[in-house]
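Peer 1: Here's my sequence, what's the structure:
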Amino acid sequence: MKFPLPHALLSACGLALALALAALPAAAQVPIKVVLNWKYEGPQAWFFLAQDKGYFKDEGLDVTIDQGEGSAASIPKVAAGAYQAGFGDINALVDLASRRPADAPVGVYMLYNTPPFALVVKSDSPIRTPKDLEGKTVGGPANDGALKLFPAFARIAGIDAAKVGITNMAPNLREQMLSRGQIDAGFGYVTTVSFSAKGMGLDPAKDLRFIRYGDYGMDLYANTVFFSKRFVKENPKAVAGFVKALNRAVKEVIANPDAGVDHAIQREPLLKREVEKDKLLATLKNDMSHPEIARIGLGDVDDARLKKDIAIVVEANALPRTPEPGEIFDRSFLPVRADRPSATTTH
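Peer 2: Predicted coordinates:
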């Protein structure tokens, strides 16, 4: 014969169970430290939005985001173990993968699929073609992606690199030195240089000219999100979750750039909203709009194009080995094609 438990006893059992569950530790979030390509700015809005709106947290991740020092500088920081993930130039990653394959990170989400690398000169400069750089002085920050790729550009464009003087400076001095005639040309990304020049009161369209690497056969990929090989091996679910959260944020920023800029401004209140919005829109248009994304979607790469990219970097820099595309980029963590953008502008 069964006897019903007294109400008080049921209540006590329920309370004990609730207290026991409350005492259990919360599911541990996987920590991921990310180093960016540059100082906090509008074109990084998706990283900040994903963090602020809890998209990383939704995937069980505890993400911290640090400023960077150049698109090539983030790769060795991840390779050394100081960070688990980064955002930077895939061509610098190819270089490291050739020299030290065990240490090189691997790309998982391609953002800058259109080559932004360029040389900038004043509009009245006698430098009209790459060959005109011979006998001139060209300057750029030591970790600038265009500077790192100059040996490849020189070989492809028929420049005798030994006849070109190279000098380094702090990033904020590049446009000043060019304007004052202290250098004849500068290395940089088109969007970055344009907005730095605007900050000095110059009109890039009238006062500057760009010699773009992409116009001379270097249809290279640029900045990708990447992870250390060790982290990929040990935490594949976390990598997939990070990419899913970031892709979600990228779609939101494309649809509403103003909201994206809000999150960048929160990181650095001294940033000027309209400038950062213009930089974000220019990045979407100039650096993330390769025609291939209509076919393969943002975030992915075309294997044939990546293979050509790798070959250019290896040959031009006389690297010891040619990495396979699969060593450089792993698409297995990408959301399905239907969930990734087919275009980066809304109009």
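Peer 1: Spell out the residue ranges of the strands in the stretch 101-250 of the chain.
Peer 2: Using DSSP state E, counting those that start in this stretch, the strands found in the stretch 101-250 of the chain span residues 106-110, 117-122, 137-140, 165-168, 185-189, 208-212, 223-227.
Peer 1: With P325 as the reference, name the closest of those.
Peer 2: Among these, strand 106-110 comes nearest to P325, with 9.9 Å by Cβ to Cβ. No exception for glycine: its C-beta is placed from N, CA and C like everyone else's.
Peer 1: by how many degrees do the closest one and strand 223-227 diverge?
Peer 2: Orientation of strand 106-110 against strand 223-227 (axes from the mean of the first three to the mean of the last three Cα atoms, to 10 degrees) gives an angle of 130 degrees.
Peer 1: quick one: contacts of strand 106-110?
Peer 2: With Cβ atoms under 8 Å, 6 or more residues apart in numbering as the test, strand 106-110 has contacts from 90, 93, 221, 224-227, 229, 232, 239, 243, 246-247, 298-301, 327-331, 333-334.
Peer 1: Kindly report the same for stretch 70-85.
Peer 2: 31-38, 66, 68, 86-89, 92-93, 96, 100, 103-105, 141-145, 148, 171, 189, 222-223, 225-228, 230-231, 242.
Peer 1: Using PDB, write out every CA atom in that stretch.
Peer 2: Provided in PDB are the C-alpha atoms of stretch 70-85 (Å, rounded to 0.1, in the frame of the first residue of the first chain):
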ATOM      1  CA  GLY A  70      50.100  45.400 -37.800                       C
ATOM      2  CA  SER A  71      48.600  42.700 -40.000                       C
ATOM      3  CA  ALA A  72      51.800  40.700 -40.100                       C
ATOM      4  CA  ALA A  73      52.500  41.100 -36.300                       C
ATOM      5  CA  SER A  74      49.600  39.100 -35.100                       C
ATOM      6  CA  ILE A  75      50.800  35.800 -36.600                       C
ATOM      7  CA  PRO A  76      54.000  35.300 -34.500                       C
ATOM      8  CA  LYS A  77      52.100  36.300 -31.400                       C
ATOM      9  CA  VAL A  78      49.700  33.400 -31.900                       C
ATOM     10  CA  ALA A  79      52.500  31.100 -33.000                       C
ATOM     11  CA  ALA A  80      54.300  31.900 -29.800                       C
ATOM     12  CA  GLY A  81      51.300  31.000 -27.700                       C
ATOM     13  CA  ALA A  82      50.600  34.400 -26.300                       C
ATOM     14  CA  TYR A  83      47.200  34.300 -28.000                       C
ATOM     15  CA  GLN A  84      44.900  31.500 -29.200                       C
ATOM     16  CA  ALA A  85      43.500  33.400 -32.100                       C
END
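Peer 1: start at 50 instead
Peer 2: All set: I'll call the first residue 50, so the last point we hit is now stretch 119-134.
Peer 1: Looking at stretch 178-192 now, give me its mean pLDDT.
Peer 2: Mean pLDDT, computed over stretch 178-192, is 95.
Peer 1: which residues sit against it?
Peer 2: Contacts for stretch 178-192 (Cβ under 8 Å, 6+ apart): 118-122, 168, 175-176, 195-196, 199, 202-203, 206-209, 212-220, 223, 226-227, 231-237, 260, 265.
Peer 1: now swap in stretch 237-251 and tell me
Peer 2: With contact meaning Cβ under 8 Å, 6+ apart, stretch 237-251 is reached by 87, 92, 120, 165-167, 169, 189, 193-195, 221, 223-225, 228, 235, 252-253, 256-257, 259, 261, 271, 324, 327-328, 331-332, 335-336.
Peer 1: Repeat that for stretch 197-209.
Peer 2: When contacts are defined by Cβ under 8 Å, 6+ apart, stretch 197-209 is touched by residues 121, 138, 140-141, 144, 166, 179-180, 182-183, 187, 195, 210, 213, 215, 236, 262, 265-267, 269, 361-362, 364-366.
Peer 1: before we move on, back to that, and the contacts of stretch 119-134, which of them are in helices?
Peer 2: 141-142, 145, 194, 197, 279-280, 291 (DSSP state H).
Peer 1: closest to V310 among those residues?
Peer 2: Among the ones in helices among the contacts of stretch 119-134, F291 lies closest to V310 (Cβ to Cβ), at 22.2 Å.
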